[in-house]
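Enquirer: 3D model of this:
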Amino acid sequence: MIEETRQLLAAMRGYPARVFMVCLAGWILTNMDQSFFGYAVPSIMQEFNVGLPVIGNILSAAFILATVSVVVIGVLADRYGRRVMFVACLAISALLVGLQGFVTSLWLLALLRCFAFALSTGLVPITNAFVIEAAPDRYRGVVSGLLQCGYPLGWFLASLLATPLIAHHGWRYMFLPALAVIPLALLLGRMLPESRRFQAGRAAADASARAA
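Expert: As a prediction, this is how the structure comes out:
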């Protein structure tokens with residue numbers, strides 16, 4: 001086990017490690033953002049005087065929209081690049097989460113929730129493609145699995161912020177940390193090199209087009 005770990009670390013050195021760490025950070029941050037809504041549900045129900053069926057409908061609508069957006073974003077990532085879509089999905093979804101703290105109606109809150117979640121799920125195909133393309137062939141499975149640790153880590157990070165913010169300032173303030181993710185998304189984008197496989201594929205397509 002120790003020897004396998006050493007071999008993995010050696011194989012991931014440099015470009016693969018950089019891609020993995022940035023993608024993991026993005027996956028953690030977007031899961032942190034999206035989990036805020038769950039912590040706010042009791043307070044949202046009380047303020048807008050709605051029951052669990054209404055909250056369930058909002059969540060269901062978000063999941064339905066995400067089933068479409070995750071495919072569309074995957075196509076866009078193949079067309080325009082992993083890096084630009086990574087930054088766009090992370091930054092815009094964070095903005096939409098942050099704006100949930102300023103809503104004055106349940107309908108606007110539902111709209112922001114649905115589109116924020118839809119963009120956030122776009123990071124699934126982007127980060128998975130990024131990491132798998134960068135990882136050494138032998139370790140693609142384990143590296144892809146390690147990337148999924150971003151999901152529970154994001155929720156854990158949110159729990160550290162959500163509890164004190166709700167207790168001392170109310171549910172609206174809990175969404176504000178998401179706004180700090182926007183500059184972090186831009187910073188991560190600067191650190192993240194474009195997928196080498198995507199660049200090679202685009203170069204081959206351009207060469208083919210010129211030859212035609």
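
Enquirer: ok, now which ones touch Trp171?
Expert: Neighbour list for Trp171: 39-40, 43-44, 47 [criterion: CB atoms under 8 Å, 6 or more residues apart in numbering]. Every C-beta, even on glycine, is put in place using the N, C-alpha and C of the backbone.

Enquirer: same check, this time on Ala134
Expert: By CB under 8 Å, 6+ apart, the contact list for Ala134 reads 15-16, 19-20, 195-196.

Enquirer: and the contacts of Trp171 as a markdown table, adding distance to His168 and secondary structure?
Expert: Formatted as a markdown table, the contacts of Trp171 follow (distance: CB to CB, whole Å; DSSP: H, G, I helix; E, B strand; the rest coil):
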| residue | distance to His168 | secondary structure |
| --- | --- | --- |
| Tyr39 | 14 | helix |
| Ala40 | 14 | helix |
| Ser43 | 13 | helix |
| Ile44 | 18 | helix |
| Glu47 | 17 | helix |
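
Enquirer: Just the buried residues of the contacts of Ala134.
Expert: Those of the contacts of Ala134 that meet the buried threshold are 16, 19-20, 195, by 16 or more other CB atoms under 10 Å.

Enquirer: number of nearby residues for the spatially closest residue to Tyr151 that is not a sequence neighbour?
Expert: Residue nearest to Tyr151 in three dimensions, not counting chain neighbours: Asn31, with 5.2 Å by CB to CB, 6 or more residues apart in numbering. When neighbours are counted by other CB atoms under 10 Å, Asn31 registers 20.

Enquirer: hang on, the earlier thing: quick one: which two of the contacts of Trp171 are the most distant?
Expert: Tyr39 and Glu47 (14.1 Å; CB to CB).
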